[in-house]
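1. The amino acid sequence is not available; the structure is as follows:
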């Protein structure tokens with residue numbers, strides 16, 4: 001069984017608004033996960049004050065975690081089976097894209113620009129993770145890239161208002 005972990009704890013400072021609620025937000029991503037037959041869905045919400053902002057199972061970050069690598073280490077220890085990471089700014093992600101990556105094992109999707117997107121990773125073999133790494137890219141350095149002509153655009157993240165000019169969001 002795969003657990004989808006939606007990452008919704010960031011401050012969205014570059015975007016200037018809360019990405020976790022834009023374009024249907026976490027609720028839309030949950031719906032797409034369910035349409036892809038993923039029923040175990042956890043949202044990592046950041047500070048505990050946000051735990052009631054999202055539907056379903058929501059986990060605030062532990063106070064002793066200082067960065068996303070530490071938060072993922074904590075969360076992964078509490079989850080059995082495969083894990084599919086999904087950032088809350090996956091505005092173009094559909095059930096078909098979720099199903100495509102969920103059919104893979106231990107990979108990091110590559111977006112349409114050729115950039116690895118570790119926040120969309122599918123994790124099965126946790127021994128491949130580099131917990132000594134200080135960044136998300138280092139954590140997933142041993143994971144192979146997954147390229148998909150059909151779904152590459154769905155693995156794009158949106159970080160600034162300029163990114164929203166993407167025709168897929170219009």
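-> Received, thanks. All values derive from a computational prediction rather than experimental measurement.
2. count of residues packed around residue 127?
-> By the measure other CB atoms under 10 Å, the count of residues near residue 127 is 6. C-betas here are computed from N, CA, C, even on glycine.
3. I meant to write residue 93 there.
-> Considering only other CB under 10 Å, residue 93 is surrounded by 24 other residues.
4. In contact with the closest residue to it other than its chain neighbours, which residues?
-> Among residues not flanking residue 93 along the chain, residue 154 sits closest, at 4.8 Å (CB to CB, 6 or more residues apart in numbering). Neighbour list for residue 154: 90, 92-94, 96-97 [criterion: CB atoms under 8 Å, 6 or more residues apart in numbering].
5. Which phi and psi values does residue 154 adopt?
-> phi -80, psi -20 (degrees, to the nearest 10).
6. Need the three-state assignment for residue 6.
-> strand (DSSP: H, G, I helix; E, B strand; the rest coil).
7. I meant residue 127, not that one.
-> helix.
8. Tell me the bridge partners for the most centrally placed residue in the chain.
-> Geometric centre of the chain, nearest residue: residue 86, 1.9 Å, by CA atoms, centre = their mean. When bridges are called by DSSP bridges, residue 86 pairs up with residue 6.
9. My understanding was that it contacts residue 101; is that so?
-> No - using CB atoms under 8 Å, residue 86 is not in contact with residue 101, being 9.1 Å away.
10. so what sits against both of these two?
-> Joint contacts of residue 86 and residue 101 (CB under 8 Å, 6+ apart) are residue 120.
11. Now do the helices in this structure.
-> 25-35, 68-77, 95-102, 136-139 (DSSP state H).
12. sorry, back to before: for the residue nearest to residue 93, give its distance to residue 79.
-> 23 Å (CB to CB, to the nearest Å).
13. Likewise for residue 106?
-> Applying CB to CB, one obtains 15 Å for the distance of residue 106 from residue 79.
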